[in-house]
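Asker: Here is a sequence with its predicted model. Questions after.
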Amino acid sequence: MHSLLAFATICEYALHGIQGNHTCCPHDITHPGDDTPDCGCRDDTAGTPYRLGYQLAGAGPNLTMFNFDMAKVDPAASVDADGAPDQQFGADVDCSGMGVKSITFAVHPDLQVKDVIFNGFNYTWQFEPYTDSAKWLKILDLDYRPSDFPDGKPVPLQILAQGPAVTELCPAASQFGSQSSCQYLVYGLSGYDQCCPTGVTSWFNPSIFMSMTR
């Protein structure tokens, strides 16, 4: 299979339908290459309590700091692509209370990483194969519960890349025409169930979602 990143065919999509008396509007993005490392768990970004946003990058001698914010939001206030509140459509896995065990980004295959910092602490990370034009950068052992995220304040995440003039962290940046775009996957547990919402970051402060309520 050719990489969809290489051919700019990653698409955000929304499905519209009715189940019983409820309108259902699940949305997601198409995935390039093989199944993600955590296939088999529930991918429902709208129904999960976390959003990732991109902030300005900083540069130094042979180092570039890519900055993100992770905000905990009220998934009940999530808005789908049609502007309607997301509906719980009878799913057997509820990820609204999931924790965070790992965060994974689809990054350039030649990227070199020096450090990954989440909430002010260095964490273990590893590369995993993905496609010809991307590899996974997986941030491990986070083990955060929803109660570990501060109220009203996003948690910063920094990726420190090595090498001169690293202008893009992720192939999605070129395909979406914005340095802020990175495909990501958050993995965690909700009770005994696995949750792995996937999305694309954008250039915004996710704190704007933190005060939303249904």
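Answerer: Received, thanks.

Asker: so where's the longest strand in the protein?
Answerer: The residue-count maximum for a strand in the chain (DSSP state E) belongs to strand 63-72.

Asker: Run through the neighbouring helices and strands of that one.
Answerer: strand 50-54, strand 58-60, strand 155-162 (3 or more Cβ pairs under 8 Å, 6 or more residues apart in numbering; DSSP states H and E). All C-beta spots, glycine's among them, are computed from the backbone N, C-alpha and C.

Asker: now the helices: where do they sit in the protein?
Answerer: Remark: helices of the chain, listed N- to C-terminal, are 172-176; assignment by DSSP state H.

Asker: Could you find the closest non-adjacent residue to Ile117?
Answerer: Spatially, and ignoring its direct neighbours in sequence, Ile117 is nearest to Gln158 (4.4 Å; Cβ to Cβ, 6 or more residues apart in numbering).

Asker: That neighbour against Leu63, yeah?
Answerer: No. Counting by Cβ atoms under 8 Å, Gln158 stays clear of Leu63, with 11.1 Å between them.

Asker: before we move on, back to that, list the buried residues for the longest strand of the chain?
Answerer: Thr64, Met65, Phe66, Phe68, Asp69, Met70, Ala71, Lys72 (16 or more other Cβ atoms under 10 Å).

Asker: before we move on, what about stretch 175-188?
Answerer: When neighbours are counted by 16+ other Cβ under 10 Å, the buried residues of stretch 175-188 are found to be Gln175, Phe176, Gln179, Ser180, Ser181, Cys182, Gln183, Tyr184, Leu185, Val186, Tyr187, Gly188.

Asker: Could you check how far the fourth one is from Tyr54?
Answerer: What it means is Ser180. When distances are taken as Cβ to Cβ, to the nearest Å, Ser180 and Tyr54 turn out to be 4 Å apart.

Asker: again with the fifth one
Answerer: Between Ser181 and Tyr54 the computed distance is 8 Å (Cβ to Cβ).

Asker: what touches both of the two?
Answerer: Where contact means Cβ atoms under 8 Å, 6 or more residues apart in numbering, the residues bridging Ser181 and Tyr54 through contact with each are Thr201, Ser202.

Asker: returning to that earlier point: highest average neighbour count across the helices and strands packed on strand 63-72?
Answerer: Each of the helices and strands packed on strand 63-72 was scored by mean neighbour count; the highest is strand 50-54, a mean of 24, by mean count of other Cβ atoms under 10 Å.

Asker: Which other helices and strands does that one contact?
Answerer: Here strand 50-54 touches strand 63-72, strand 183-190, going by 3+ Cβ pairs under 8 Å, 6+ apart.

Asker: got those as CSV, with distance to Thr104 columns?
Answerer: Conversion of these to CSV gives the following (distance: least, Cβ to Cβ, whole Å):
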stretch, distance to Thr104
strand 63-72, 13
strand 183-190, 4
